[in-house]
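*Asks:* pasting the sequence and the predicted model now:
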Amino acid sequence: MCVLCKLCCLFCCYFGVLILCYFFLQCSNESEEDMFGDHDSFYGNDSLLAEVDDIEKKYLQDKNTNIKVAGEIIIGNQSGIHQKKQDNFSNSENVVVLKADKEDAFQMNENDPVDSNEELTESILDDLPSSQLLYFEKMGELSSGSRISPVSERRNKCVNFSLDKIRSPSFCPDTEHRNRPTDFSSESKCDLFKTESLKDHLKSAMTGNAKAQTLQVSKTKQLKEAVLSEELCVARKTIESSSVDIGPFYGLPSKVKDLFRQFRGIETLYEWQHDCLMLESLQQRKNLIYSLPTSGGKTLVAEIIILQELLCRQKDVLMILPYVAIVQEKVRGLSSFGIELDFLVEEYAGSKGRFPPIKRRIKKSLYIATIEKGHALVNSLIEAERIDDLGLVVVDELHMLGEGSRGATLEITLAKILYTSKNTQIIGMSATLNNVRDLQKFLQAEYYTNNFRPVELKEYVKIRDSIYAVDSKTENGFTFSRLLNFKYSSNLEKADPDHIIALVTEVIPKYSCLIFCPTKKNCENVASMLCKYLKKAHREKEKQDLIKNLENTGNGSVCPILKQTIPFGIAYHHSGLTNDERKSIEEAYSTGVLCLLACTATLAAGVNLPARRVILRAPYVANDFLKKNQYKQMIGRAGRAGIDSAGESILIVQEKDKHLVQDLVNSPLENCYSSLLLELTKGMQSLLLSLVGLKIAVTHEEVNNFMCSTLLGIQQQLLSKEKSLTEIIKDGLEDLIEKGLLKGRICEKDHNSKCTLTITPLGKATYKGSIDLAYCNLLYRDLKKGLEGLILESNLHLLYLATPYDMTSNCSPDWMIYLKQFNQLSAAEQKVVDIVGVPESFITKKASGQAIRKNVDSAVVNRLYLSFVLYTLLKETNIWSVSEKFNMSRGYVQNLLNSAASFASCVLHFSEELEEFWVYKALLTELTKKLTYCVRTELIPLMEVAGVLEARAKQLYNAGYKTLAHLANANPETLVKTIEHLSRRQAKQIVSSAKDLPYRNSSGSCDYRTGFS
């Protein structure tokens, strides 16, 4: 590479074309060897730098030099001299090397310096990065005195910024230029030339160039970058000015529209979606609640608003979803957008997520979180005084505000955001909202609603062999539609008294069908019954592949019921499945390999699996009669947009339930009420503790003011008739002081002195660890007791401490299995059993059926039994074998594993806040990873990559990709060829996720590529 060309580039950036020409004529005959002599570095050659210094002084002394021309060039450059200094010299990332051989160097005419840029050769331009190429083009236009139209000028400003510049917070040059003065006083001109000497700049630049790699950018890519850059600039200016002219795609680059077409198959938006995105309230960044029937396309609107926030406003976004499975599905779905549009998608579910998240200089983050993790994330941002970094919060299934402890947590999260950040916009969506006025008042939001459904929904009920259409206009709410046309034998009538076979065979195998059942056992029974009377349908090879895949994920084991039903295109779907089984069945149903699922109500609020016909086996969920919200969620799955012309729902009703069902189908949706009072330790007390801990409110009066802005404060007259809200708050604070979580005293409102409340170390550990206040003191005692004799010969003692308290009440130990597991323990492990308080004699007597005189805490006994399950699971890493060994359903074992991983993460954060528990930090960090992935130790790093499950991790490991570094540096095309059944899209996602992962490392370890912590 010719060093002279480097010098040429640097001179162009600082002194314009005149100096470039002069210097080039002085030095054009020097060779690379002459410039550096015998030295390894230019620092060792004073002659070159002295010569440069002399030229600079000579230039400054030349009275005939036209400084005015150079000044005009400086002014014409929208970024200014100082911006160019930053672009070229601030760090090695932005310093680029110009490649040119001596014989290819361009020649300049000393008498005609202004037109020198016209003589740059094509070979040199080919090797320039797009930002430098466009800079030379701009310089050529300016020096030739050409006039640029306002439209072209605006485009050139945007084009000069490549994709690397787009990632920076101020990627649109117009926004920066608006705040800069347009005319220079004589003093400001002098200041511009009082910069450090050219000699020093050359040292800095050449050092940077020595470290930097040459960017190889094709002209096609340059053009794409320029177009995307311009559109992002237009989009950002449009949104900031709330202009009616929204640009290419609702203020976003046209590439976003192409990605929706590529990844989702979406060509155009529905009319209501366009109207909603064009709402004045959204343009003005007001909070918004919108409600439409299920399958109406609510999520797409939210995703477009999210992309506007990430790309145009350059702010982070939090998306709160109700279940872990939906979070994982959404992470997979949006990761591809993140790769293409250069933002990060981070999962906050179970044990995953870092608090507070890493603050990034360039890339913005989309945090996709469950309700609980979303709350912890908001707490960490408030504590770090970074809540304003969160530009947007999107809440799906907003009606969950009224659903128990999770609703209370959601209300607390939103109330804190509203109170602490005036710049964070909140968007809430739901298909089942009724008392919207209360929610509007709480969220200070506008409201949009529409009855649109892409596919018409027809509601029916079945009583005996008659089908009735639901008709609210008639007196009893039903209108006779037809009789079932299916001949039943006496044996078949006994096996299928509800005529499910008749209803199912009308649609499958040509169309799909969902059957919602009251219980998990009922799901399995219905699936088994149906396959006995149906014929095997098409796609038999794919069904056998599905069974084989289930065997692989189960390490050779597969459920006998699924093995029986899948050849007929039927399967069941409930919480008794493992995560891998559930994912495989959902994918098979989505692709049409399976045509019928017998499922529980959880699928209605879970992943999106629509069907031509939805059948409700009975108007019950377990033993509880169906609520209107639940009914609407279930029947909303009927009708697949773009596939079906109509969707049908049929509710099977017994005569005894007829009047209840009439009330159900004709009643309004249930109101949404605050759950803060119903869930005391997870609701009101948890909120009061965190308010003081985060210093949002530290006096009784401030707490009162905050509480008035909650949903409970708005609904207090309805919900707290016995006590006023002030009395409830006072009682809650006194209880927290009594538990040792807060310090101080509560003063009456008219008391003269200010009584400030402070949080104790235990209180801080409790709210930062998201520990239920019902268990915080018990956890502290258990950890304290563990320090007295922590047995580290195996994981058993730590596993006991990480076993969730709230799962012990549902545990019923098999005492023979309990005794067998105890006898298999080593002497050190048996000592753990004694330390936690379960004597060997107690287990022996229970197993033999003898009477027990000594009183032993049943919660401790049950917790230890669950610890045995987890201990065996980590050793064998096979849910099937462990479920058989302990006579438990594999779904229960899976749920225990997920809950233990999440609770271990909570205990880790709890321990970090208490110095006395420092020893637990390293121990629990590793244990949390083991519980999260439950695989062989060497596979854990690969399992952290988005989209990689155990089977894929084994494939990657066996193919030689054994670390994150291997994956991060992998070629996606090579991965596609090496790994079986891996698409290009999945390969790109895996590589991109591996590159980002070191930044998300919860241990704070150093990034293997940059060294940043």
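*Replies:* Thanks, I have the structure now.

*Asks:* list the residues that contact residue 317.
*Replies:* Applying CB atoms under 8 Å, 6 or more residues apart in numbering, we find residue 317 in contact with 306, 309-310, 364-367, 390-394. Heads up, the C-betas are built off the backbone N, CA and C, glycines and all.

*Asks:* report the buried residues of stretch 955-975.
*Replies:* Neighbour-count burial for stretch 955-975, counted by 16 or more other CB atoms under 10 Å, picks out 955-957, 961, 964, 966-968, 970, 972, 975.

*Asks:* for those, which one is nearest residue 251?
*Replies:* Nearest to residue 251 among the buried residues of stretch 955-975: residue 972, at 30.7 Å, using CB to CB.

*Asks:* quick one: contacts for the spatially most central residue of the chain?
*Replies:* For the chain, residue 368 is the residue whose C-alpha lies nearest the centre (CA atoms, centre = their mean; 2.4 Å). By CB under 8 Å, 6+ apart, the contact set of residue 368 is 319, 321, 327, 330-331, 334, 345-349.

*Asks:* element containing it, please.
*Replies:* In this assignment (DSSP states H and E), residue 368 forms part of strand 365-369.

*Asks:* same question for residue 415.
*Replies:* helix 404-420.

*Asks:* that helix - contacts with which helices or strands?
*Replies:* Helix 404-420 is packed against helix 371-383, strand 390-396, strand 425-430, helix 436-443, helix 685-693, helix 711-714, with contacts defined by 3 or more CB pairs under 8 Å, 6 or more residues apart in numbering; DSSP states H and E.

*Asks:* excluding its backbone neighbours, what's nearest residue 442?
*Replies:* residue 711 (4.5 Å; CB to CB, 6 or more residues apart in numbering).

*Asks:* how many other residues sit next to the one you found?
*Replies:* 27 (other CB atoms under 10 Å).

*Asks:* start at 58, not 1
*Replies:* Happy to do that; since the first residue is 58 now, the last one works out to residue 768.

*Asks:* which residues touch it?
*Replies:* Contact analysis of residue 768 by CB under 8 Å, 6+ apart lists 458, 468, 472, 495-496, 499, 730-731, 733.

*Asks:* ranking those by neighbours, who comes first?
*Replies:* residue 733 leads the contacts of residue 768 on contacts (other CB under 10 Å) with 30 neighbours.

*Asks:* how much space between that one and residue 776?
*Replies:* Taking CB to CB, to the nearest Å as the measure, residue 733 falls 8 Å from residue 776.

*Asks:* give the residues shared as contacts by the two.
*Replies:* residue 769.

*Asks:* ramachandran coordinates for residue 403?
*Replies:* Main-chain torsions, residue 403, degrees, to the nearest 10: phi -120, psi 130.

*Asks:* what about the helices in the stretch 708-857 of the chain?
*Replies:* 715-723, 742-750, 757-764, 768-771, 773-776, 782-795, 818-825, 833-845, 853-858 (DSSP state H, counting those that start in this stretch).

*Asks:* which of those is buried the deepest?
*Replies:* Mean neighbour count (mean count of other CB atoms under 10 Å) peaks for helix 742-750 among the helices of the stretch 708-857 of the chain, with a mean of 25.

*Asks:* for that one, which helices and strands make contact with it?
*Replies:* Using 3+ CB pairs under 8 Å, 6+ apart, the elements in contact with helix 742-750 are helix 461-477, helix 757-764, helix 782-795, strand 815-816, helix 818-825.

*Asks:* still on that earlier bit, tell me which of the contacts of residue 374 is nearest to residue 918?
*Replies:* Lowest distance from residue 918 to those (CB to CB) belongs to residue 424, with 39.5 Å.

*Asks:* can you name the residues bridging to that closest one?
*Replies:* residue 375, residue 403 (DSSP bridges).

*Asks:* look up how far residue 480 lies from it.
*Replies:* Counting by CB to CB, the gap from residue 424 to residue 480 is 17 Å.

*Asks:* what does residue 913 give?
*Replies:* 55 Å.

*Asks:* go on, residue 683?
*Replies:* Applying CB to CB to residue 683 and residue 480 gives a distance of 42 Å.

*Asks:* with residue 381 instead?
*Replies:* 30 Å.

*Asks:* ok, residue 695 next?
*Replies:* Going from residue 695 to residue 480 by CB to CB gives 41 Å.

*Asks:* just the element for residue 690, please.
*Replies:* Residue 690 belongs to helix 685-692, assigned by DSSP H and E.

*Asks:* for that helix, which outside residues touch it?
*Replies:* Counting by CB under 8 Å, 6+ apart, 350-351, 456, 488-489, 514, 516, 573, 658, 661-662, 671, 673, 676, 678, 706, 708, 721-722, 724-727 sit against helix 685-692.
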